[in-house]
Structures are given as structure tokens and as C-alpha cells.
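Enquirer: Below are the sequence and a predicted model for it; my questions follow.
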Amino acid sequence: MQVNGRVRLIVVSMVLLGSLLLDGCERQAPLPPPPVPEVATVTVQTQRAVLTNELPGRTSPYRVAEIRPQVSGIIQRRLFDEGADVKAGAVLYQIDPAHFQAAYDNAAANLAVVRKAPDRARAALQASIAGVTRQRATLELARTNLQRFEELFKDRAVSASQRDQAVTDAEVAEATLRATEAQVESDREAVAAAEAAIQQAEAALETVRINLGYARVTAPISGRIGKSNVTDGALVAAYQALALASIQQIDPIYVDVPRSTTELLRLKQRSEKSRHITHGEDQRKVKLLLEDGTPYPSEGILQFRDVTVDPTTGSVILRMVFPNPKYILLPGMYVRAVVQEGIAEQAILVPQQGVTRDPKGNPIALIVDDAGKVQQRMLTLDRAIGDKWLVSSGLAPGDRLIVEGLQKVRPGAAVKVFPFHSPKDGGGPANTNPPSQASK
């Protein structure tokens with residue numbers, strides 16, 4: 001027991017002695033100063049930036065035609081395949097034409113009869129005109145005889161009865177001439193009536209010919225036809241409410257995009273302040289993103305902007321036209337249109353990783369001043385363009401923005417600066433000595 005106590009005392013003495021020796025060594029060797037934090041920066045510069053905006057919208061057909069019958073009858077045959085492409089003028093349905101053919105034959109026969117009437121009326125008119133010529137000659141002769149008998153009566157060469165007979169002959173000839181002239185006018189009216197009857201018969205024939213043609217229901221436009229709402233043997237009525245089928249032209253195709261009036265006013269104010277260039281033919285070019293996010297291969301054209309605001313949504317419709325030769329776009333499809341708003345010639349674009357938020361959510365950035373110390377800047381951001389922020393205010397050309405090492409620094413701290421290279425260029429700070437070696 002006495003031996004164990006001595007051993008414990010020796011061990012405790014040695015531990016205390018070692019602690020004293022180590023404490024003395026540490027007091028004699030001072031700790032090295034902490035290393036200067038390393039940060040990677042980019043130099044802020046102005047550049048030309050195209051400002052775009054993604055807007056949701058839906059596709060709609062370029063032209064739509066609902067097929068309805070223009071005459072009543074029984075559908076004999078459907079002459080198209082549902083879902084196929086049809087050309088304008090192609091026959092889609094055949095309505096039973098028997099009734100219309102009979103009406104056409106009747107009108108044609110009536111026209112043939114009516115066409116003979118003007119010839120007879122013209123012949124009678126010519127005869128009446130010839131009679132007028134003869135009666136005028138007869139009247140002239142009767143007047144000459146009357147004048148001669150008047151002179152002879154004065155010389156008592158003829159009797160009074162002979163003179164009276166000459167007067168009667170002249171009066172009869174004049175009355176006959178007036179009657180013949182009236183007959184000429186009547187015959188002329190008969191000719192005009194016969195010609196009008198021909199026109200009426202021709203119009204009636206044209207009407208039944210049109211109805212006969214309507215028995216063949218044709219496509220008014222070229223496009224893709226949908227399902228048929230009637231089958232063979234169905235009874236249809238002229239101009240009925242139910243369409244027989246619908247044809248949609250989808251090459252090209254419309255894309256209708258709603259745009260809020262607030263955004264339109266903001267864009268107009270920017271244009272008036274000359275902050276962004278919003279003119280030029282390129283402004284009308286539009287790109288498209290499909291439902292799965294893949295870009296549509298062809299560009300479209302902004303056709304027009306509606307002038308009426310929807311009171312329920314506070315937006316107007318922008319209509320764009322896109323080529324659709326392969327029928328990738330179908331009516332009613334949800335898409336996103338990438339609309340160009342303008343071009344900023346002196347835009348400041350900075351990497352998004354160089355912008356953080358304060359506790360209130362305001363965007364801030366850290367820069368390195370000329371003295372090599374960190375300074376904080378409050379920013380005003382416009383929008384994200386790719387992987388960068390478009391900065392409206394807070395940064396100036398020439399500022400060195402910290403994009404890597406933000407967690408190691410605070411405003412006012414001195415830092416060691418290295419230029420930043422994006423991942424596309426190899427990534428990381430462009431440092432000839434790796435940070436691990438520099439810290440060592």
C-alpha cells in the first residue's frame with residue numbers, strides 16, 4: 001500500500017511538471033497573424049444587352065371554317081378522311097341532288113320556251129313599224145287630195161259631197177296612223193317584256209343551278225379537317241346550327257399572349273426616357289418555348305397588339321404568327337413566347353453569385369475599393385438575363401465586384417484580390433499560387 005501511494009505521487013508530479021514546461025514554451029512562441037482573406041472579383045463593365053421577356057400564351061388556328069350545308073337534303077356520301085389535309089374546293093359531302101336536278105331541268109325548259117317570245121314580238125314590231133310607214137304615206141296622199149278638192153270646190157269644179165269625202169279620207173288616214181303608232185309602242189313594250197321574261201327565266205335557272213351546286217358541299221379553305229358530325233343517310237338542313245365538320249389552317253399558326261397594361265406602360269416609359277432602344281425590325285421577331293421547355297426551331301413575327309383591355313385581367317392580347325410546316329404546334333397548346341422588349345446599349349450585367357440579400361431582402365453586393373478593402377453597395381436590379389443580373393443602380397463601370405469568398409469577408413476588411421474566371425473558362429480565381437499554398 002505504501003508503494004502504490006508513492007507511485008501515484010511520482011506520476012502526478014511528472015504530469016504537473018510537463019504542464020508547466022508546455023505552458024512556458026507556448027508563452028515564449030507567439031501565434032502567427034491570421035491570413036488575409038482571398039476573394040475573386042470581376043470588373044464591372046457596360047455592354048450591349050438584349051432585353052427579353054417570357055410570356056405564357058396559347059396557340060390558335062390561322063383560319064377556321066365550319067362546314068354547314070346551304071341546302072336541305074339527305075347526305076349520300078362523305079368524301080373525306082377525318083383528320084386529313086384537304087384543299088380548298090375539295091368535295092366533302094354529297095347531298096342527294098335529285099330534287100335540285102329536276103328543278104334545274106324545269107327551269108332550263110322554261111327558259112328555252114321564253115327565249116322564243118322575243119322573236120315573235122320583234123316580228124310584230126317590225127310589221128307595225130312598216131304599217132306606220134304606209135299609213136303616213138296614205139295620210140300624206142289624203143291631205144294632198146283634200147287640198148286639191150278645196151281649190152276645185154272654190155272654182156265649182158267639184159261638188160260639196162266630193163270635197164266632204166276628201167275631208168273624211170284625210171281624217172280616217174290620220175286616225176289610222178295614230179292607231180298604228182300606238183300599236184308600235186305596244187309591240188315595243190311586248191318586246192321589252194319578252195326580254196325581261198328571258199332575264200327572269202335565266203335568273204331562275206341560275207338559282208336552281210346554284211342549289212344544285214350546293215348539293216356538293218366543298219371545302220372553303222385548305223387545312224386539316226376534324227371529325228365528321230354526320231354520317232351517310234343523315235338529314236341536314238340549310239344553314240343549320242350544327243356544323244358538319246371544321247377545317248383549321250395551322251400552317252402558319254397564331255400564338256395569342258396576354259400582356260398586362262402595367263408592363264406595357266413600364267416599357268413605354270423606358271422608351272421615352274431613352275434607357276432602352278425599342279425600335280427596329282428585330283423588335284417584331286419572337287422566339288417560342290414549347291410545353292416541355294424546348295425551343296421551337298422557327299422564329300415568329302409579332303403581328304399586332306390588341307387595342308382593347310380585358311377588364312377582368314387588365315391585359316391586352318399580343319398576336320404572333322409562327323410557321324408550322326411539320327404541325328408541331330397544335331391549336332390550344334400552351335407555350336411561352338420570348339418577346340424582345342428592347343436593347344440596352346450601356347447595360348451593367350453581373351454574375352448572380354455576386355449578389356446577395358440583406359435580412360430585409362434587399363439586394364446587396366460587396367466590392368473591393370482602391371485601398372484593397374471591402375465595401376458594401378445597395379443595388380437595384382432590373383431582371384435576370386441568363387446567369388447574370390441586370391443592375392439598374394448601385395454599381396459603376398470599373399468597380400471590382402466580389403463573386404467568390406463572400407462568406408470570408410465583411411465590409412471594411414482588407415482582402416487579397418484575384419480575377420474571377422467563370423466555369424466556362426475553367427472556373428475559380430486566376431491565381432498563380434493556389435489558395436492553400438498562399439495560406440501556408
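Expert: Received it, and whenever you're ready, just let me know what you need. Residues are numbered from 1 along each chain as shown.

Enquirer: make it CA atoms for all contacts and neighbour counts henceforth
Expert: Fine.

Enquirer: Wasn't residue 137 part of a helix?
Expert: Yes. Going by DSSP: H, G, I helix; E, B strand; the rest coil, the assignment for residue 137 places it inside a helix.

Enquirer: which sections of this protein are below the confidence cut-off?
Expert: Counting by pLDDT under 70, the chain has low-confidence residues at 1-31, 267, 269-283, 422-440.

Enquirer: What residue spans form the domains of it?
Expert: 38-49+346-433, 50-62+249-345, 69-96+220-242, 97-214 (automatic domain parsing).

Enquirer: Please identify which of those is closest to residue 32.
Expert: Closest of the domains of the chain to residue 32 is domain 38-49+346-433, at 17.3 Å (criterion: CA to CA).

Enquirer: The residue nearest to residue 414 when sequence neighbours are not counted: what's it in contact with?
Expert: Excluding the flanking residues, the one nearest residue 414 by CA to CA, 6 or more residues apart in numbering is residue 373, at 4.3 Å. Contact partners of residue 373, counting by CA atoms under 8 Å, 6 or more residues apart in numbering, are 411, 412, 413, 414, 415.

Enquirer: what about the last one, distance to residue 363?
Expert: From residue 415 across to residue 363, the span is 22 Å (CA to CA, to the nearest Å).

Enquirer: Which one's more surrounded, the two?
Expert: residue 415 (21 against 16; other CA atoms under 10 Å).

Enquirer: before we move on, back to that, state the phi and psi torsions of the residue nearest to residue 414.
Expert: phi -110, psi 160 (degrees, to the nearest 10).

Enquirer: Off-centre distance for stretch 101-119?
Expert: 50 Å (CA atoms, centre = their mean, to the nearest Å).

Enquirer: Just the CA coordinates for that stretch, please, in PDB.
Expert: C-alpha atoms of stretch 101-119 as PDB (Å, rounded to 0.1, in the frame of the first residue of the first chain):
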ATOM      1  CA  GLN A 101     -81.700  18.400-110.800                       C
ATOM      2  CA  ALA A 102     -85.400  18.200-111.600                       C
ATOM      3  CA  ALA A 103     -85.800  21.900-110.700                       C
ATOM      4  CA  TYR A 104     -82.900  22.700-112.900                       C
ATOM      5  CA  ASP A 105     -84.300  20.800-115.900                       C
ATOM      6  CA  ASN A 106     -87.700  22.500-115.500                       C
ATOM      7  CA  ALA A 107     -86.000  26.000-115.400                       C
ATOM      8  CA  ALA A 108     -83.900  25.100-118.400                       C
ATOM      9  CA  ALA A 109     -87.000  24.100-120.400                       C
ATOM     10  CA  ASN A 110     -88.900  27.200-119.400                       C
ATOM     11  CA  LEU A 111     -86.000  29.300-120.500                       C
ATOM     12  CA  ALA A 112     -86.000  27.600-123.900                       C
ATOM     13  CA  VAL A 113     -89.700  28.500-124.300                       C
ATOM     14  CA  VAL A 114     -89.400  32.000-123.100                       C
ATOM     15  CA  ARG A 115     -86.500  32.700-125.500                       C
ATOM     16  CA  LYS A 116     -88.800  32.300-128.500                       C
ATOM     17  CA  ALA A 117     -91.200  35.000-127.400                       C
ATOM     18  CA  PRO A 118     -88.900  38.000-128.200                       C
ATOM     19  CA  ASP A 119     -88.600  36.800-131.800                       C
END
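
Enquirer: Buried ones in it, by neighbour count?
Expert: 101, 103, 104, 107, 108, 110, 111, 114, 115, 117, 118 (16 or more other CA atoms under 10 Å).

Enquirer: Same question for stretch 371-390.
Expert: Neighbour-count burial for stretch 371-390 [16+ other CA under 10 Å]: 373-375, 377-381, 384-385, 388-390.

Enquirer: Just the terminal-to-terminal distance for it.
Expert: 27 Å.

Enquirer: And stretch 34-54, by the same measure?
Expert: OK, stretch 34-54 end separation, CA to CA: 49 Å.

Enquirer: Grab the longest helix from the chain for me.
Expert: helix 160-214 (DSSP state H).

Enquirer: Out of the buried residues of stretch 371-390, which is nearest to residue 216?
Expert: Closest to residue 216, out of all of the buried residues of stretch 371-390 and judged by CA to CA, is residue 385, at 57.4 Å.

Enquirer: Phi and psi next, for the closest one.
Expert: phi -120, psi 100.

Enquirer: Can you report phi and psi for residue 129?
Expert: Per degrees, to the nearest 10, the backbone of residue 129 is at phi -70, psi -40.

Enquirer: Give me the neighbour count for it.
Expert: Residue 129 has 18 nearby residues by other CA under 10 Å.

Enquirer: How far off centre is the longest strand seen in the chain?
Expert: Longest strand in the chain by number of residues (criterion: DSSP state E): strand 46-67. In terms of CA atoms, centre = their mean, the centre of strand 46-67 is found 9 Å from the chain centre.

Enquirer: The stretch 301-440 of the chain: helices as residue ranges?
Expert: In the stretch 301-440 of the chain, the segments counted as helices under DSSP state H, counting those that start in this stretch are 435-439.

Enquirer: Where do the strands of it begin and end?
Expert: 315-322, 334-351, 356-357, 363-368, 374-378, 380-385, 388-393, 400-404, 416-421, 428-429 (DSSP state E, counting those that start in this stretch).

Enquirer: Could you name the stretch from the ones you listed that's closest to residue 201?
Expert: Per CA to CA, nearest to residue 201 of the strands of the stretch 301-440 of the chain: strand 315-322, 49.0 Å.

Enquirer: now for that closest one, which elements pack on it?
Expert: strand 245-260, strand 300-305 (3 or more CA pairs under 8 Å, 6 or more residues apart in numbering; DSSP states H and E).

Enquirer: Go ahead and confirm residue 364 touches residue 356.
Expert: Yes. In this structure, residue 364 is within contact of residue 356 by CA atoms under 8 Å, at 5.4 Å.

Enquirer: circling back: which one of the contacts of residue 373 is nearest to residue 70?
Expert: Distances from residue 70 to the contacts of residue 373, taken by CA to CA, are shortest for residue 411, at 81.8 Å.

Enquirer: Reformat the helices and strands packed on strand 315-322 as JSON lines; add distance to residue 132 and mean neighbour count.
Expert: Output for the helices and strands packed on strand 315-322, formatted as JSON lines (distance: least, CA to CA, whole Å; neighbours: other CA atoms under 10 Å):
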{"stretch": "strand 245-260", "distance to residue 132": "67", "mean neighbour count": "21"}
{"stretch": "strand 300-305", "distance to residue 132": "73", "mean neighbour count": "18"}
